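S.K.: this one's sequence-less:
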């Protein structure tokens, strides 16, 4: 018989100490930093031992489990809602049970069962991650401050499109002039709203004139009050730029 030097490698995912801040069960909610550690073992390959392929599958599956666990820990620490505390504690305990298995003492069929267990844990973590993402969105929405915006066209330019969106938003943005006439000189446009968040993220006012020229103006949301802001569009013919005045 030939000998096989087997080591279930260290998953060093992060050297920082992630302490769970919501209750006293801190160890249950720390990020997995050095997990599923099995010492280097020198074993003899026998007919009843696990195949290298099956061991590799288990290693890969555990890596996926560790990754989703860490994502959930980060997301959980980023919300104030603690309704998932108990469920996440139970999941962490199940991971501890998984870490207690010694693959070299298992056969392929037993490892298949262990992989199924890890698949189920991954699915649970994915559901909780989706829930935490929604929680974060709800918490952020609760602190958004709507700011009414009135826009006055003091240029000689007519605009066919106006879009208002948060800086960094790469999604599709609605044309606020869709279905109505062009925004021409001397006209006032009301009913616009931007949402000021806790970070005072700037907003972008995007204008498109009748010739297709696009203008993008930054709105500093942190400088506006909840009562609203009136912005005047001014055109500099020499520099061919549009600016805003209040």
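M.R.: Received it, and whenever you're ready, just let me know what you need. Computed from a prediction, not measured in an experiment: that's the story for all the values here.

S.K.: domain parsing for this structure?
M.R.: 3-142, 145-245 (automatic domain parsing).

S.K.: Present those as a markdown table; the columns should include mean pLDDT and mean neighbour count.
M.R.: (Each C-beta comes from the backbone N, C-alpha and C, glycine too.) Converted to a markdown table, these look like this (pLDDT from 0 to 100; neighbours: other CB atoms under 10 Å):
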| stretch | mean pLDDT | mean neighbour count |
| --- | --- | --- |
| domain 3-142 | 75 | 15 |
| domain 145-245 | 91 | 14 |
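
S.K.: where do the strands sit along the chain?
M.R.: With DSSP state E, the ranges of strands along the chain come out as 3-8, 11-12, 34-35, 38-44, 145-153, 159-166, 188-196, 203-209, 214-219, 229-236, 241-245.

S.K.: I'd like those strands written out as JSON lines, with distance to residue 51 added.
M.R.: Formatted as JSON lines, the strands of the chain follow (distance: least, CB to CB, whole Å):
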{"stretch": "strand 3-8", "distance to residue 51": "11"}
{"stretch": "strand 11-12", "distance to residue 51": "22"}
{"stretch": "strand 34-35", "distance to residue 51": "23"}
{"stretch": "strand 38-44", "distance to residue 51": "13"}
{"stretch": "strand 145-153", "distance to residue 51": "60"}
{"stretch": "strand 159-166", "distance to residue 51": "53"}
{"stretch": "strand 188-196", "distance to residue 51": "56"}
{"stretch": "strand 203-209", "distance to residue 51": "57"}
{"stretch": "strand 214-219", "distance to residue 51": "59"}
{"stretch": "strand 229-236", "distance to residue 51": "68"}
{"stretch": "strand 241-245", "distance to residue 51": "69"}
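
S.K.: Next, the angle from the top helix by length along the chain to strand 188-196.
M.R.: The longest helix of the chain (DSSP state H) is helix 108-142. On the basis of axes from the mean of the first three to the mean of the last three CA atoms, to 10 degrees, helix 108-142 is oriented at 130 degrees to strand 188-196.

S.K.: roughly how far apart are the residue nearest to residue 208 when sequence neighbours are not counted and residue 210?
M.R.: Excluding its sequence neighbours, the residue lying closest to residue 208 (CB to CB, 6 or more residues apart in numbering) is residue 161, at 3.8 Å. Per CB to CB, to the nearest Å, residue 161 is found 10 Å from residue 210.

S.K.: And residue 238, by the same measure?
M.R.: Between residue 238 and residue 210 the computed distance is 21 Å (CB to CB).

S.K.: ok, now residue 222?
M.R.: 33 Å.

S.K.: and residue 208, what does it touch?
M.R.: Going by CB atoms under 8 Å, 6 or more residues apart in numbering, residue 208 touches 159-162, 214-215.

S.K.: what residue is smack in the middle of the protein?
M.R.: residue 133 (7.0 Å; CA atoms, centre = their mean).

S.K.: check contacts around that residue.
M.R.: Applying CB under 8 Å, 6+ apart to residue 133 gives the contacts residue 75.

S.K.: Spatially, what comes nearest to residue 145 if we skip its sequence neighbours?
M.R.: residue 196 (4.4 Å).
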